[in-house]
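Asker: Just a sequence and a predicted model for now, questions to come.
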Amino acid sequence: MATELRLRGESHTLRSQEARLRGHLEHDLGVHIRFSPFDDVRALLVSPQTDDRGKSLVIASDASAAERIYLYVHVAAHLALGHHLPLVTIVEGAPGLSRLEDDAHAHRAAERLARAMWWENEGGLGAPTGVQRSAVLRGLVSRAPTRSALHGVLIALRAAYYDLRIERALAGSRLASWLRDALCVTAVVAAAPQLSD
């Protein structure tokens, strides 16, 4: 299993979601995940000649949990579309880098499938189920200004939740669970706006 990476300020829910999706890629899709320092690349998927051999996903070691979640879903979309065979290396570059036209077409197809997988996939590689089908949340994260404002509000609510020491009283409530999941989804979509509608 890949070493757990933690960046300051990442919620437990976000890290748990990242670990769940990483486990799905490793155990269900046969992708070995490791981390390495990169400058202008976020991830590399190195594939064997046939699907019966393992694939390797190398992710930039400075990628946040939210970025890693997006990369897992996006790479799974490439795998589902068959873009990885035979002997293909898929490079996920830093945002804003131009792509070759053939690569750009495959990448756009993977983006569309990743978005559908994130919002519609029960379990597997989907968003937390508590907020997955929330039309209100999807609407708020679909636009940059409201996404940014919502992310800030949810972080402030999380800070108040712990500062006021009300976590024990609300820990098992549906409201607290929804807020945790909403913060996780908002963080992921803030890191990867292409997952928004």
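Answerer: Right, received. Where do you want to start? Being a predicted model, the structure only gives us computed values, none of them experimental.
Asker: where does L44 fall, helix, sheet strand or coil?
Answerer: strand (DSSP: H, G, I helix; E, B strand; the rest coil).
Asker: Could I get the contacting residues of it?
Answerer: Residues counted as contacts of L44 (Cβ atoms under 8 Å, 6 or more residues apart in numbering) are 56-58, 89-92. C-beta here means a position set from N, CA and C on the backbone, and glycine is covered the same way.
Asker: what's around the closest residue to A114 other than its chain neighbours, how many residues?
Answerer: Among residues not flanking A114 along the chain, A77 sits closest, at 4.1 Å (Cβ to Cβ, 6 or more residues apart in numbering). Using other Cβ atoms under 10 Å, A77 is surrounded by 22 other residues.
Asker: which outside residues touch the host helix or strand of A77?
Answerer: For A77, the host element (DSSP states H and E) is helix 65-80. Contacts to helix 65-80, defined as Cβ under 8 Å, 6+ apart, come from residues 5-7, 10, 14-15, 17-18, 21-22, 24-25, 29, 31, 42-43, 45, 55, 57, 59, 63, 84, 90, 92, 106, 109-111, 113-114, 117-118, 125, 187-188, 190-192, 194-195.
Asker: Let me know the secondary structure of the nearest residue to A60 once chain neighbours are set aside.
Answerer: Computed as Cβ to Cβ, 6+ apart, the closest residue to A60 that is not its neighbour in sequence is F38, at 4.3 Å. With three-state DSSP as the basis, F38 sits in coil.
Asker: State the pLDDT value of F38.
Answerer: pLDDT, F38: 86.
Asker: How much space separates it from I90?
Answerer: Per Cβ to Cβ, to the nearest Å, F38 is found 14 Å from I90.
Asker: repeat for V189
Answerer: For V189 relative to I90 (Cβ to Cβ), the value is 22 Å.
Asker: Quick one: low-confidence residue ranges for this structure.
Answerer: Low-confidence segments of the chain (pLDDT under 70): 1-9, 85-89, 94-102, 122-123, 167-169.
Asker: Which ChimeraX command selects the buried ones in the contacts of helix 65-80?
Answerer: The following ChimeraX line selects those of these that are buried, judged by 16 or more other Cβ atoms under 10 Å:
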select :5,10,14,15,17,18,21,22,24,25,29,31,42,43,45,55,57,59,63,84,90,92,106,110,111,113,114,117,118,125,187,188,190,191,192,194,195
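Asker: Mind checking which of the contacts of helix 65-80 are in strands?
Answerer: Within those, residues falling in strands by DSSP state E are 31, 42-43, 45, 55, 57, 59, 90, 92.
Asker: Could you work out the most separated pair of these?
Answerer: Within these, R42 and K55 form the most distant pair, 16.7 Å apart (Cβ to Cβ).
Asker: How many neighbouring residues does A149 have?
Answerer: For A149, the count of nearby residues is 12 (other Cβ under 10 Å).
Asker: Secondary structure element holding it?
Answerer: With DSSP H and E as criterion, A149 is part of helix 144-163.
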